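> the sequence and its predicted three-dimensional model are supplied below.
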Amino acid sequence: MSRLGIFVDRKTLSNSEQLNALIRCRDVSEELGHDVDFIFPVDICKIPKMDALFIRARTDPMNITYVAARMAKFHGIPVIDDSESIQICSDKINMYSHLMKKSVSLPKTIFLSRNDLSVEHVSHLFDEMGSPLVVKEPSTSFSLRVEKVHSVAEFFKVARRFIKMSDWIVVQQFIESKYDWRIGVLDGKLLYACKYTIPSVTFKIQASVNGHLIYCGVESVPPDCVPPPVIQLGIDAANAIGSGLYGVDIKNNNGDAYVIEVNDNPSLESGEDTCYPLVYQTIVSHLLRT
Ligand SMILES: Nc1ncnc2c1ncn2[C@@H]1O[C@H](COP(=O)(O)OP(=O)(O)O)[C@@H](O)[C@H]1O
Ligand SMILES: [Mg+2]
C-alpha cells in the first residue's frame with residue numbers, strides 16, 4: 001500500500017471550499033487503495049516517509065512549500081508541485097522567458113529595468129504595442145499587482161510603485177476578452193478546462209473594488225467544447241515549464257489565442273473540474289504510478 005502526503009497549511013483549511021476539495025482528494029486516494037496523511041508545516045519531517053507528495057498550500061520559493069518540494073526531490077519522492085516549477089511560475093520574467101524560448105503565443109511582452117523608464121522609451125511602447133498597456137510586477141499573484149494604463153503619466157505612476165519591489169517590470173499588450181480560459185495540464189496532457197469570467201467592473205479575474213474583493217465566475221467546460229487550438233496552446237505552454245500540474249490562462253481574441261500566464265498549484269476548489277470527475281484520480285495515479 002502506498003502513502004500519499006498532502007501538504008497543507010492552516011490558511012488552506014480555513015476556506016471551506018478548499019477543505020471540501022482536499023477531502024475529496026483524500027477519499028479518491030483511499031478508494032484507489034492508498035493511505036493519505038495531511039502534512040502540516042510543523043510535520044514537514046514526515047515527508048521522507050511518503051511515497052508521493054501533493055502540495056496544496058500556496059506555493060512560493062520564499063515559503064515552506066518550497067522546502068517541502070525540495071525535500072521530496074532530495075528523497076526521490078514524486079512531488080506536485082516540483083521545486084523548479086514553483087521557482088519558474090512565481091516569477092513572471094522567468095515564466096515568460098521559458099514560454100518565449102519555446103515560441104509559445106503570448107501578447108507582445110517586454111521586460112523593463114529601472115534604466116529603461118524614460119518618457120521617450122515609454123511613449124514608443126504605446127506606439128508599438130497600442131493602448132492601454134498592462135503592467136505587472138513579476139512576483140504578482142491573485143491579480144494583485146497587474147494594472148492597465150492608458151497614458152505615459154499613468155504608466156509612470158504604476159511603474160514607480162512596482163520598480164520599488166523588483167528589478168524588472170513586465171509590460172504587455174492588452175488583449176480584450178470577456179473570460180480567461182484556464183487549461184489544466186498534467187504531464188503534458190489535458191486534465192480539465194474551465195472559463196473564468198471577468199467581472200464587469202474590472203479587467204482582471206479578481207480585484208479589490210472600493211475595498212471589496214470581487215471574484216470571477218467559474219464554468220467547467222467539457223473538452224469537446226474547448227477550441228482545439230486553445231487546448232494545444234495550454235499543453236505547449238505547460239510543456240515549456242515542466243511535466244507537472246499547471247493551470248494555463250489563455251485569452252482568445254478574434255480567433256487568436258495568447259497565453260497570459262502559467263500557474264503552478266492551480267486551484268481546483270471552485271468547480272473548475274465539474275465536467276472532469278477523474279481529476280483527482282488522474283493526479284493521484286500519476287503521483288503513485290510505480
Ligand atoms: N495582457 C493582458 N491583457 C488583458 N488582460 C490581462 C493581461 N494580462 C493579465 N490580464 C488580466 O489580469 C489577470 C491577472 O494577470 P496575471 O498575469 O495572471 O497575474 P497574476 O499572477 O497576479 O494572476 C489575468 O487573469 C487577466 O484577466
Ligand atoms: Mg493569474
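Noted; the coordinates are in hand. Quick caveat, the model's predicted, so the values are computed rather than measured. Ligands and ions are numbered 1, 2, ... in the order given.

> CA only for contacts and neighbour counts going forward, please
OK.

> could you double-check that Ser143 sits in contact with Phe203?
No: with the criterion set as CA atoms under 8 Å, Ser143 and Phe203 do not qualify as a contacting pair; they are 9.9 Å apart.

> which one's more surrounded, those two?
When Ser143 and Phe203 are compared for neighbours, Phe203 comes out ahead with 20 against 14, by other CA atoms under 10 Å.

> wasn't the more buried one part of a helix?
No: using DSSP: H, G, I helix; E, B strand; the rest coil, the secondary structure at Phe203 is coil, not a helix.

> for it, give me the pLDDT.
Note for Phe203: predicted pLDDT of 93.

> equivalent analysis for Gln206, please.
Gln206 is given a pLDDT of 87.

> name the nearest residue to it, sequence neighbours excluded.
On the basis of CA to CA, 6 or more residues apart in numbering, the spatially nearest residue to Gln206 that is not a chain neighbour turns out to be Tyr215, at 4.5 Å.

> show me what contacts the one you found?
Applying CA atoms under 8 Å, 6 or more residues apart in numbering, we find Tyr215 in contact with Ile198, Pro199, Ile205, Gln206, Ala207.

> closest to ligand 1 out of those residues?
Ile205 (4.7 Å; CA to the nearest ligand atom).

> which residue lies farthest from the center of this protein?
For the chain, the largest distance from the centre (CA atoms, centre = their mean) belongs to Glu120, which lies 33.7 Å off.

> mind checking which helix or strand that one is in?
Here Glu120 sits within helix 119-129, counting by DSSP states H and E.

> what is the helix or strand following that helix packed up against?
Under the assignment DSSP H and E, the closest C-terminal helix or strand after helix 119-129 is strand 133-136. The helices and strands touching strand 133-136, judged by 3 or more CA pairs under 8 Å, 6 or more residues apart in numbering; DSSP states H and E, are strand 146-149, helix 152-163, strand 168-173.

> try it again at 6 Å.
Helices and strands touching strand 133-136, by 3 or more CA pairs under 6 Å, 6 or more residues apart in numbering; DSSP states H and E, are strand 146-149, strand 168-173.

> columns mean pLDDT and mean neighbour count on top of those strands, output as CSV?
As requested, those are exported to CSV (pLDDT from 0 to 100; neighbours: other CA atoms under 10 Å):
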stretch, mean pLDDT, mean neighbour count
strand 146-149, 97, 20
strand 168-173, 98, 22
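
> export those strands to a markdown table and tack on distance to ligand 1?
Rendered in a markdown table, the data for these read as follows (distance: least, CA to the nearest ligand atom, whole Å):
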| stretch | distance to ligand 1 |
| --- | --- |
| strand 146-149 | 6 |
| strand 168-173 | 5 |
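
> would you quantify the distance from Ala257 to ligand 1?
12 Å (CA to the nearest ligand atom, to the nearest Å).

> residue contacts, that residue?
Lys251 (CA atoms under 6 Å, 6 or more residues apart in numbering).

> same thing but at 7 Å, please
Under the criterion of CA atoms under 7 Å, 6 or more residues apart in numbering, the contact partners of Ala257 comprise Val230, Ile250, Lys251.

> secondary structure class for it?
Recorded secondary structure, Ala257: strand (three-state DSSP).

> residues from this protein in reach of ligand 1?
107, 134, 140-146, 172-176, 203-205, 260-261 (CA under 6 Å from any ligand atom).

> whichever of these end up buried, select them in PyMOL.
This is the PyMOL syntax for the buried subset of the residues of the chain next to ligand 1, where burial follows 16 or more other CA atoms under 10 Å:
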select buried, resi 107+134+145+146+172+173+174+175+203+204+205+260+261
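
> buried ones in the stretch of helix or strand His98 belongs to, by neighbour count?
His98 is part of helix 92-101 when elements are defined by DSSP H and E. Of the residues in helix 92-101, those buried by neighbour count under the rule 16+ other CA under 10 Å are Lys92, Ile93, Met95, Tyr96, Ser97, His98, Leu99.

> between the residues you listed, which sits nearest ligand 1?
Each of those was checked against ligand 1 using CA to the nearest ligand atom; the closest is Lys92, at 7.7 Å.
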